[in-house]
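Build me a structure from this.
(4 chains)
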2 protein chains.
Amino acid sequence: MAQVPVIDRSSTTERVAEALRGMLFAGELSPGEPLREVGLAEAFDVARSTVREALQLLAAEGLVTRYPNRGVVVTELTDADIEEIFGARLVLESAGVRAGVAGADLQQVAASLAAYARAAEDEALATHAHLEFHNSLVDLLGNPRLLASAHSLTADLRLGLASVERVRRNAKDQVADHRRLLRLIRSGNEKAAVAELQRHLAAAKTSVAARVIGS
Amino acid sequence: MAQVPVIDRSSTTERVAEALRGMLFAGELSPGEPLREVGLAEAFDVARSTVREALQLLAAEGLVTRYPNRGVVVTELTDADIEEIFGARLVLESAGVRAGVAGADLQQVAASLAAYARAAEDEALATHAHLEFHNSLVDLLGNPRLLASAHSLTADLRLGLASVERVRRNAKDQVADHRRLLRLIRSGNEKAAVAELQRHLAAAKTSVAARVIGS
DNA sequence: GGACAATGATTGTCGGACAATCGGAGTGTG
DNA sequence: CACACTCCGATTGTCCGACAATCATTGTCC
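Take a look at the predicted model:
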């Protein structure tokens, strides 16, 4: 069978959810902003029930929060949330790093790092590529369920970051930071690699917390 | 304010989902069994849209699986699923064990073990208490998101176990097994504690796999 | 000024409707 | 008999309209 054009077989609900995800990550919707069912239904020209299902999907992913009888709002990250997210990431990613040190194939991690380096100039792309590198560490465990958890965690973070003006450090430095981590994994020194990851995440956490809180 | 009876403020959707969860864990619905929207709507005497929302909730939890245009069936665990679940549990629970060795408060773990010991005689209760003990290990990390992941993993397992006749080992032995793990955590020997957990989970995995596959 | 009642907006739930899709039964063809 | 095709019933996906329940807010009264 030769090249066949891809047919979109997704449901309306899924397409609405995807559209909202895009708006969320693009920062077009700010944390705390209410998402009204009727308004969205009219805007997308779909039925209210379809919007409800899409919102429930996003709620399950943690991107939006449902307040019973009062509607859905874009999830707002508290400092406790940020603490939790980075704590969970440390658990998952350090497990991935250990797997890497123990011999898991690092090809995908290297590819993610290269993609990150290429995207470093573009703000929006860089954030995505950066988090994908971290997720690729978790993927060293070869466990789809853990990878899904990691994706969920980083998605929540993107949510908080999208709406904030980017005062990021020199992009080159950022990439170099991650290159060092990969080098440590390759060196086989588990202690050092995990310690570097921990240091990196701790720094990122304070950076994120400073930007998100009180916004 | 004196004793006030608790008012059920849950939505109809949530109550339907809870009812289905109960039936799932009780084994009244077998893996692979289709859940028809109209049938459930009539059985619970609610609207079809309400059933749809409840099913979407359960699908997000992984208890049921949605096949587009063909409906929802009780999730069937393949051997790959079991591999994944136990792999993920090892990551989460070993992280919890490390936190315990490092000094996290073990009171809740001890309480879960005691509850397990009390419930050991009743088949259904014991399964639940057993998994709650393991979840309490993850809770040593003090991270609600990781605890939620652990709950999701063990819930999926209960699903597979509920429908299978229980050929379990002597309950006393089971409890003693876990008591040993707690003792190792208290001893402060990280290596030994993690190794014991790994051994325990590996044994459980083969036991579960033998019971679930080909059912 | 604060308890309280009226109001308006929004969600939660219901019922019915219909097109799209799927699996399977039946039919024909080689 | 194996295979391809068509038709059909069952079920889901999506839409619409309706209404009670709930909440935040505004306005009222003492």
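
which regions of chain A lie under the pLDDT threshold?
A:1-5, A:163-169, A:213-215 (pLDDT under 70).

ok, now which ones touch the residue in chain A that chain B sits nearest to?
Closest contact between chain A and chain B, by Cβ to the nearest Cβ, is at A:Ala60 (3.7 Å). No exception for glycine: its C-beta is placed from N, CA and C like everyone else's. Counting by Cβ atoms under 8 Å, 6 or more residues apart in numbering or on different chains, A:Ala60 touches B:Gln56, B:Leu57, B:Ala60.

That one is in what secondary structure piece?
Per DSSP states H and E: A:Ala60 is located in helix A:48-61.

Quickly check: whatever helix or strand A:Leu20 lives in near DNA strand D or not.
Under the criterion of DSSP H and E, A:Leu20 resides in helix A:12-25. Yes. Using Cβ under 7 Å from any atom of the strand, helix A:12-25 reaches DNA strand D at A:Thr12, A:Thr13.

Parallel or antiparallel, which strands does the helix or strand that that helix is followed by pair with?
Following helix A:12-25 in sequence order, the next helix or strand is strand A:34-35 (DSSP H and E). Strand pairing for strand A:34-35, using DSSP bridges, gives strand A:71-74 (antiparallel).

Residues touching the partner strand, excluding its own?
A:24, A:29-37, A:55, A:58-59, A:63-67, A:159.

now do stretch A:38-52
A:Thr12, A:Thr13, A:Val16, A:Ala19, A:Leu20, A:Glu37, A:Leu55, B:Ser49, B:Glu53.

Within range of chain B, give me the residues from chain A.
Within chain A, the positions lying close to chain B (Cβ under 8 Å from any Cβ of the partner chain) are A:9, A:11, A:49, A:52-53, A:56-57, A:60, A:68, A:84-85, A:87-88, A:91-92, A:95, A:141-146, A:149, A:153.

are any of these buried, and which?
Taking 16 or more other Cβ atoms under 10 Å in any protein chain shown as the criterion, what is buried in the residues of chain A next to chain B is A:52-53, A:56-57, A:60, A:84-85, A:87-88, A:91-92, A:95, A:141, A:143, A:145-146, A:149, A:153.

Would you mind naming what in chain A lies close to DNA strand D?
Counting by Cβ under 7 Å from any atom of the strand, chain A sits next to DNA strand D at A:11-13, A:45-50, A:53, A:68-70.

which one of these is nearest A:Asp177?
A:Thr13 (39.8 Å; Cβ to Cβ).

residues in contact with the nearest residue to that closest one once chain neighbours are set aside?
In this structure, A:Thr13 finds its nearest non-sequential neighbour in A:Glu53, 4.4 Å apart by Cβ to Cβ, 6 or more residues apart in numbering or on different chains. Listed by Cβ under 8 Å, 6+ apart, the contact partners of A:Glu53 are A:Thr13, B:Arg52, B:Glu53, B:Gln56.

Of those, which is the nearest to A:Leu77?
B:Gln56 (24.7 Å).
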